[in-house]
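Participant: requesting a structural model of the entry that follows:
(one chain, ligands or ions: 1)
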Amino acid sequence: MQTAPAENILEIENLTKHFATSKSLLPGSGRSVKAVDGVSFTVRKGETLAIVGESGCGKSTLARLVLRLIDPTGGTVRFHGQDIAAIPERSMRPLRARMQMIFQDPFASLNPRMTVAEILTEPMQVHKLGTRAQRRERMIELLELVGLTARHADRYPHEFSGGQRQRIGIARALAAGPELVIGDEPVSALDVSVQAQVINLLEDLKQRLGLTLVIISHDLAVVRHMSDRVGVMYLGKMVELADTQALFSSPRHPYTRALMSAVPLPDPEARPDRQLLEGDVPSPLNPPSGCRFHTRCPYVRDRCRTEEPVMGANDDDHGVACHFWREIDALPRPAAAAARPISEAYARRRALYMERRALQEDAPAL
Ligand SMILES: Nc1ncnc2c1ncn2[C@@H]1O[C@H](COP(=O)(O)OP(=O)(O)OP(=O)(O)O)[C@@H](O)[C@H]1O
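Facilitator: Take a look at the predicted model:
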């Protein structure tokens, strides 16, 4: 018996955002920041999809485009089949309740002049949900859902710790009952000891409320722990998309391979063959021709300089935008951090680290 394929909650096709620079306003100058440049992928109902990549590769812009917080330059974003990139703002309003965002910085994203009760009831008011009494009741429910209590309702954001503020940010995102939640670096501003608690909370809420999550992160450990699938971005392009297990055990794109081998491990002697990327990420104002990664790729060939590789879904659902990934895959693999068998020493230190993290003690750096 065949199982039905998972329903797609989002279908993103050829999504593009070029930001005009002051120079590009001059006719014919053509200078714009190609922040997101022809990205296509789907998000399946109930999954956690992570988007990873270095700073400036376009992750946050992608998140904002998906929620239509900014308008795309081109492409489509279909939410349950409806292209939200094309509809007027007024038609977007009811959809906003169904798609919400958790921001990176819980210090900046909560209005310091509002009480927690006001912060959490505001989205319900905006979306005209329930009576005043029902909203108050729901606000208390939300607090309890994220591990706070009714006692916290009349306090102001500055009275909370970073972790508690992020819990309030999560409760606010859940207030209008969304199906899709996008977390833009949801734990990267938090202390390591608090990160694990917030990650666990997000996973628990996802299960209990049947949410679909998209997590934007540069932290491969967070991504590996939380996600079902991972998309890797480089300079405005998606270069690889695969199940988390497949991506970490056999990364195909030279960029993904390098990204993973750059993850620091506790035992430096265990990784003499670490593959470091040379040079800086080129400017998105003037990205390289052909494959955008060719200027830093250790396997570059002539074709890469002129012809752009396109990511097609392969038979096993592991997409990669590289002309030569098959040949590269057949070469001896540089020890990708996540792919190598974990040594006993590393496993012991990792277990100790996780234990301390759970106990909220000062954890030694990994
Ligand atoms: N409003 C804007 N105007 C002009 N350029 C922008 C704007 N927003 C983002 N950019 C540029 O677009 C590119 C992608 O930025 P984005 O914030 O999406 O990257 P990111 O991967 O999320 O990086 P980070 O992790 O540092 O936030 C960067 O070069 C950035 O400078």
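Participant: drop to CA atoms for contacts and neighbour counts, all remaining ones
Facilitator: Fine.
Participant: find the closest residue to the ligand in the stretch 151-300 of the chain.
Facilitator: As assessed by C-alpha to the nearest ligand atom, the ligand sits closest to Pro284 within the stretch 151-300 of the chain, at 5.6 Å.
Participant: that residue reaches Lys34, doesn't it?
Facilitator: Yes - the criterion here is C-alpha atoms under 8 Å, and Pro284 meets it with Lys34 at 5.2 Å.
Participant: give the residues shared as contacts by the two.
Facilitator: Gly236 (C-alpha atoms under 8 Å, 6 or more residues apart in numbering).
Participant: the residue of the stretch 151-300 of the chain closest to the ligand: neighbour count?
Facilitator: 21 (other C-alpha atoms under 10 Å).
Participant: give me the secondary structure label for Val300.
Facilitator: Classification of Val300 by DSSP: H, G, I helix; E, B strand; the rest coil places it in coil.
Participant: check contacts around it.
Facilitator: Contacts of Val300 (C-alpha under 8 Å, 6+ apart): His294.
Participant: quick one: it and His253, what's the gap?
Facilitator: 12 Å (C-alpha to C-alpha, to the nearest Å).
Participant: how about the residues of the stretch 151-300 of the chain by the ligand?
Facilitator: Applying C-alpha under 6 Å from any ligand atom, one finds that the stretch 151-300 of the chain approaches the ligand through Pro284.
Participant: and the strands in the stretch 151-300 of the chain?
Facilitator: 180-184, 212-217, 229-234, 237-243 (DSSP state E, counting those that start in this stretch).
Participant: can you list these in CSV and add mean pLDDT and mean neighbour count?
Facilitator: Shown next, in CSV, are those (pLDDT from 0 to 100; neighbours: other C-alpha atoms under 10 Å):
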stretch, mean pLDDT, mean neighbour count
strand 180-184, 96, 24
strand 212-217, 96, 25
strand 229-234, 96, 24
strand 237-243, 96, 25
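Participant: nearest approach to Glu47 belongs to which of those?
Facilitator: Taking C-alpha to C-alpha, strand 212-217 is the member of the strands of the stretch 151-300 of the chain nearest to Glu47, at 5.3 Å.
Participant: direction included, what does that closest one pair up with?
Facilitator: Note on strand 212-217: by DSSP bridges, its sheet partners are strand 48-52 (parallel), strand 180-184 (parallel).
Participant: for His158, which of these is the nearest?
Facilitator: Closest to His158 of the strands paired with strand 212-217 is strand 180-184 (C-alpha to C-alpha; 21.6 Å).
Participant: now do that closest one: everything it contacts.
Facilitator: 60, 63, 98-104, 173, 211-217.
Participant: quick one: the most centrally placed residue in the chain from Gln207, how far?
Facilitator: Centroid-nearest residue in the chain, with C-alpha atoms, centre = their mean: Ile216, separated by 1.5 Å. Remark: distance between Ile216 and Gln207 (C-alpha to C-alpha) = 19 Å.
Participant: got it, and Leu142?
Facilitator: In terms of C-alpha to C-alpha, Leu142 sits 15 Å off from Gln207.
Participant: kindly report the same for His253.
Facilitator: Counting by C-alpha to C-alpha, the gap from His253 to Gln207 is 32 Å.
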